[in-house]
Every structure is written in C-alpha cells, then in structure tokens.
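S.K.: Coordinates only, no sequence provided:
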C-alpha cells in the first residue's frame, strides 16, 4: 500500500517536471532548462515592476496595505 502511494507520487512529480515518466531522474536537463527559464522570467518580471513603479503606474506595496 505504502509503496504504491510512493510510486504514484514519484510518477506525478516526474510528469509535472516535464520529464519522461520512465526516466530515473538522473538526466536533469529538462529541470535545469526550466530553472533557467524561471530565472529569466523572474528577472523580466522584476524589471517590468521597477519600470512601472518609476512611472507611477503602481505604488510600492507595504505590509499593511
């Protein structure tokens, strides 16, 4: 019972990471590509956010707002 749950979770994790399901996870090229893409998107998001802050389109968020 426990083993099937663990296997199921591993399969789900691998499919959500865009890896082939039968892949053992040693080949991490897809994961690394996703990581690089994520960093680029974050950088772009932050750059656009700073630009909008400077233009006054959005105001800086505070904890209590």
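M.R.: Now that the structure is in, tell me what you want to look at. Quantities reported herein were computed from a predicted structural model and do not represent experimental measurements.
S.K.: Let me see the mean pLDDT of the top helix by length along the chain.
M.R.: Ordering each helix of the chain by length in residues (DSSP state H) puts helix 29-55 first. The average pLDDT for helix 29-55 rounds to 88.
S.K.: Kindly report the same for stretch 11-20.
M.R.: Averaging pLDDT along stretch 11-20 gives 60.
S.K.: Okay, residue 38 and residue 61: tell me how far apart.
M.R.: 22 Å (Cβ to Cβ, to the nearest Å). (Glycine included, C-beta is placed from N, CA and C.)
S.K.: And for residue 40?
M.R.: 23 Å.
S.K.: What of residue 41?
M.R.: Counting by Cβ to Cβ, the gap from residue 41 to residue 61 is 20 Å.
S.K.: swap in residue 52?
M.R.: 12 Å.
S.K.: now residue 51
M.R.: Counting by Cβ to Cβ - residue 51 and residue 61 are separated by 16 Å.
S.K.: who has more neighbours, these two?
M.R.: residue 51 (11 against 8; other Cβ atoms under 10 Å).
S.K.: Return the distance of the more buried one relative to residue 44.
M.R.: In terms of Cβ to Cβ, residue 51 sits 11 Å off from residue 44.
S.K.: Residue 9 too?
M.R.: In this view, residue 9 and residue 44 are 32 Å apart by Cβ to Cβ.
S.K.: and if you look at residue 63?
M.R.: For residue 63, the distance to residue 44 - Cβ to Cβ - is 25 Å.
S.K.: Settle it for me: which of those two has more neighbours?
M.R.: Between residue 63 and residue 44, counted using other Cβ under 10 Å, the more crowded position is residue 44 (10 against 4).
S.K.: which ones are touching the more buried one?
M.R.: Counting by Cβ atoms under 8 Å, 6 or more residues apart in numbering, residue 44 makes contact with nothing.
S.K.: What of residue 60?
M.R.: residue 53.
S.K.: Kindly report the same for residue 52.
M.R.: Residue 52 sits next to residue 58 when contact means Cβ under 8 Å, 6+ apart.
S.K.: let's have the chain start at 624 instead
M.R.: All set: I'll call the first residue 624, so the last point we hit is now residue 675.
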